[in-house]
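Trainee: Give me a 3D structure for the following:
(one chain, ligands or ions: 2)
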Amino acid sequence: MSRGPFVTALVGNPNAGKSALFNALTGARQKIANYPGVTVERKSGRLQLASGESVELVDLPGSYGLHATSPDEEVTRRVIMGEQAGQARPDVLVLVLDASNLEQHLVFAQEVLELGRPCVVALNMVDLAARDGLTIDAAALSSALGVPVIETVAVRRRGLTELADAIAAARDRIAPETSPETQPHPRVHVTEPERRMLAREIAHGAILSETAKHRIHARMDRLLLHPWLGPPILFALLFVVFQAVFSWATPFQDALDAGASGLADMVRAALPASLLRDLLTDGVIAGVGSVVVFLPQILILFFFILVMEATGYMARAAFLMDRMMAGVGLSGRSFIPLLSSFACAIPGIMATRSITDPKDRLTTILIAPLMTCSARLPVYTVIIAAFIPNSHVLPGVGLQGLVLFGLYVVGIVGAMVVALVLRRSVTKGAASGFIMEMPKYQLPTLKDLALGLWQRAWVFLRRAGTMIFTVTVVLWLLLSFPRAEPGKSQVDASIAGHLANGLAVVLEPIGFNRDIALALVPSMAAREVAVSSLATSYAVDNADENAQGRALGDQLKHHWSLATALAFLAWFVFAPQCMSTIAVTRRETNGWKWPGFMLAYLFVLAYLFAGITYWTAVAFGLG
Ligand SMILES: Nc1nc2c(ncn2[C@@H]2O[C@H](COP(=O)(O)OP(=O)(O)OP(=O)(O)O)[C@@H](O)[C@H]2O)c(=O)[nH]1
Ligand SMILES: [Mg+2]
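Mentor: Ligands and ions are numbered 1, 2, ... in the order given. Below is the predicted model of the structure:
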């Protein structure tokens with residue numbers, strides 16, 4: 001019988017370590033994090049067996065059962081059943097179980113085993129089980145389940161060879177001439193409560209000794225999840241994060257800044273005055289450089305996010321937020337997607353696939369862009385650094401960090417209000433309950449942290465090198481032609497300047513000047529482009545010879561009032577300036593209706609909010 005390559009899939013409950021195993025076995029770099037619902041799509045890789053043969057290994061979203069209730073669980077069910085288009089039915093299933101949480105993981109495991117398909121159990125996280133004082137008899141578990149059981153520690157690469165060998169052996173047991181009739185018959189139908197009973201029995205039979213060692217963790221939970229103490233702790237933690245984003249980054253950022261202007265000086269000295277030289281200095285270095293200097297801040301933000309994800313605190317934060325979420329008609333399930341949106345709305349919107357209720361899911365998608373993504377960080381910080389004094393409100397509490405924190409809070413509050421309104425109108429429906437198991441506390445591994453940061457840095461730099469670079473060069477061209485008469489403003493004379501003048505009419509009431517109008521259109525591509533566009537247009541506009549080479553912050557102070565700067569910040573809290581978010585919303589909602597709705601409501605909010613900010617500031621004499 002001829003068939004395609006040998007396929008094996010990793011299945012199991014969420015947070016069992018499937019993706020960690022997948023990465024370890026294939027060398028891939030799938031995202032892993034210590035909370036359920038990280039993987040929402042299937043992903044294939046190559047696993048090399050000892051025989052040299054290569055196997056297609058498929059990583060799947062975690063699942064609690066084959067009667068899928070959420071879109072990500074549906075993917076898992078379809079792949080297991082061989083119903084997924086473009087994916088051959090797996091020949092061998094690798095059931096990944098969390099050894100430290102065996103009883104619970106054995107419920108879904110039974111359902112998979114009842115299919116009667118060739119199966120191998122990866123008893124993962126045996127290190128955590130040992131930490132908790134659990135000793136498990138793998139042999140007993142194997143005979144109770146009727147399939148081989150291999151102990152693994154995915155993050156320490158333990159048990160990988162044995163697992164690969166067991167996969168090969170399971171495949172060899174499938175006789176080539178096996179027809180459906182000679183395959184083991186699926187067992188008789190078992191109900192969910194029966195599976196739970198049996199899971200308890202099997203787990204108790206396999207656990208040799210149990211000395212309760214998780215007392216410290218129970219105590220940590222009592223404190224961190226306390227209804228009154230938990231939220232202030234979470235709040236304080238986030239507060240520290242935003243202070244750190246400002247204060248820790250400064251020396252690195254200054255160094256990068258100096259590097260960029262040094263480079264521009266070098267180019268100016270090395271090349272004769274020409275359009276090419278201008279393109280390099282005013283376009284590429286001023287534009288792209290103005291964004292790249294934010295790398296340290298992005299990395300500091302991600303350092304905290306990664307640590308919170310790896311330790312298991314993130315899921316606790318979700319639990320704490322559940323009550324607030326319920327108040328606006330969302331479940332705590334929405335919290336993880338919303339939290340991911342602080343990095344970027346795109347993975348955030350994808351993560352909504354783990355939300356069962358379609359209306360819950362849609363609401364979460366629609367408010368995800370209100371979470372302050374890392375692309376806003378350059379915009380916020382460049383304005384804050386220029387207009388908000390670097391003073392201390394309290395010892396150790398900088399005003400700049402406080403304003404940044406405030407902007408994040410405004411985004412969150414805005415999202416909650418919008419959710420409240422949507423749940424009463426467009427996405428009306430009952431709120432569903434919160435079910436999320438709390439992951440174990442873990443210390444993050446240095447390797448995973450370093451890898452995570454490296455990945456973020458790479459994403460950021462790649463964006464700077466491709467999209468931001470392209471948009472900047474195009475903008476520079478539009479700004480540089482036609483040439484202005486000597487002594488006249490180049491921007492006034494240029495194509496871009498003329499276009500911006502038209503747009504400025506609409507934006508004038510909310511305090512936006514022509515420079516801002518000029519920056520807003522290219523930054524539809526991505527928010528950071530606003531910074532590079534401003535930097536490029538000030539660099540090109542050399543009517544004021546003294547202004548040449550001035551840092552972007554100084555330029556802004558020179559050209560903008562405080563009221564305008566504040567309105568600009570307010571605009572960016574709401575404005576949907578990101579093409580990819582719109583595209584992913586279209587994909588996840590199957591049409592243009594919801595992305596269209598999202599664009600419209602966000603632009604209206606941005607305009608109103610910026611306007612209110614501007615008029616208020618002017619009324620207080622800050623115009
Ligand atoms: N101590 C320990 N931690 C592990 C082990 N395997 C995975 N982890 C950690 O457990 C967490 C979950 O791992 P993932 O690989 O993301 O789990 P998953 O099964 O893919 O989860 P979903 O994608 O949500 O279904 C991560 O924080 C991993 O670092 C292990 O054997 N030992
Ligand atoms: Mg995963």
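Trainee: Could I get the phi/psi values of Glu56?
Mentor: phi -80, psi 120 (degrees, to the nearest 10).
Trainee: for Thr564, helix, strand, or coil?
Mentor: Thr564 falls in the helix class when you classify it by DSSP: H, G, I helix; E, B strand; the rest coil.
Trainee: who's in contact with whichever residue of the stretch 251-400 of the chain sits closest to ligand 1?
Mentor: Residue nearest to ligand 1 within the stretch 251-400 of the chain (CB to the nearest ligand atom): Ala310, separated by 5.3 Å. C-betas here are computed from N, CA, C, even on glycine. Contacts for Ala310 (CB atoms under 8 Å, 6 or more residues apart in numbering) come out as 33-34, 442-445, 448-449.
Trainee: redo that, cut-off 6 Å
Mentor: Counting by CB atoms under 6 Å, 6 or more residues apart in numbering, Ala310 touches 34, 444.
Trainee: go on, the one 10 residues further on?
Mentor: The contact partners of Leu320, by CB under 6 Å, 6+ apart, come to 230-231, 234.
Trainee: Quick check: phi and psi at it.
Mentor: Torsion angles, degrees, to the nearest 10, at Leu320: phi -60, psi -40.
Trainee: just Leu57 next, same as before
Mentor: According to degrees, to the nearest 10, Leu57 has phi -100, psi 130.
Trainee: right, and it touches Leu47 too?
Mentor: Yes - contact criterion CB atoms under 6 Å: Leu57 and Leu47 qualify, at 4.3 Å.
Trainee: Compare those two and say which one has the larger neighbour count.
Mentor: Leu57 (25 against 22; other CB atoms under 10 Å).
Trainee: Can you tell me who that one pairs with across the strands?
Mentor: Thr8, Gly45 (DSSP bridges).
Trainee: And the pLDDT at it?
Mentor: pLDDT recorded at Leu57 is 97.
Trainee: Same question for Thr211.
Mentor: pLDDT, Thr211: 72.
Trainee: Isn't it up against Gly133?
Mentor: Yes - taking contacts as CB under 6 Å, Thr211 lies within contact range of Gly133: 3.7 Å.
Trainee: ok, the two, which is more surrounded?
Mentor: Gly133 (13 against 9).
Trainee: Show me what from the chain comes close to ligand 1.
Mentor: 14-20, 32-34, 36-39, 61-62, 124-125, 127-128, 153-155, 310, 442 (CB under 6 Å from any ligand atom).
Trainee: Please enumerate residues in contact with the helix or strand hosting Gln555?
Mentor: Applying DSSP states H and E as the criterion places Gln555 in helix 552-559. With CB under 6 Å, 6+ apart as the contact definition, helix 552-559 has outside contacts at 290, 385-386, 535, 538.
Trainee: 10 Å instead, please
Mentor: 257, 286, 289-290, 293, 381-387, 513-516, 531-532, 534-539, 541, 544, 547, 550-551, 564-565, 568 (CB atoms under 10 Å, 6 or more residues apart in numbering).
Trainee: Equivalent analysis for stretch 580-596, please.
Mentor: 71, 341, 344-350, 352-353, 358, 361-362, 365-366, 368-369, 373, 375, 426-427, 467, 524-527, 576, 578, 597-599, 602.
Trainee: Could you rerun that using 8 Å?
Mentor: 345-346, 349-350, 352-353, 362, 365-366, 368-369, 526, 576, 598-599.
Trainee: and what of stretch 325-332?
Mentor: 318-319, 321-322, 334-335, 355, 357, 360, 363-364, 416-417, 419-420, 423-424, 431-434, 436.
Trainee: and those, which of them are in helices?
Mentor: Residues of the contacts of stretch 325-332 located in helices (DSSP state H): 318-319, 321-322, 335, 360, 363-364, 416-417, 419-420, 423-424.
Trainee: For the stretch 351-500 of the chain, just list every one of the helices.
Mentor: Under the criterion DSSP state H, counting those that start in this stretch, helices of the stretch 351-500 of the chain are mapped to 358-367, 376-387, 399-424, 446-463, 469-480, 490-493, 495-507.
Trainee: and the direction of the fifth one versus that of helix 495-507, what angle?
Mentor: If I follow you right, that is helix 469-480. 90 degrees (axes from the mean of the first three to the mean of the last three CA atoms, to 10 degrees).
Trainee: which neighbours do Leu57 and Leu47 share?
Mentor: If you check Leu57 and Leu47 against CB under 8 Å, 6+ apart, the residues they both contact are 8, 25-26.
Trainee: will you turn those into TSV that also has pLDDT and distance to ligand 2?
Mentor: Output for those, formatted as TSV (pLDDT from 0 to 100; distance: CB to the ion, whole Å):
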residue	pLDDT	distance to ligand 2
Thr8	97	16
Leu25	97	13
Thr26	97	13
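Trainee: Please point out which parts of stretch 277-291 sit buried.
Mentor: Within stretch 277-291, the residues that qualify as buried are 278-291, counting by 16 or more other CB atoms under 10 Å.
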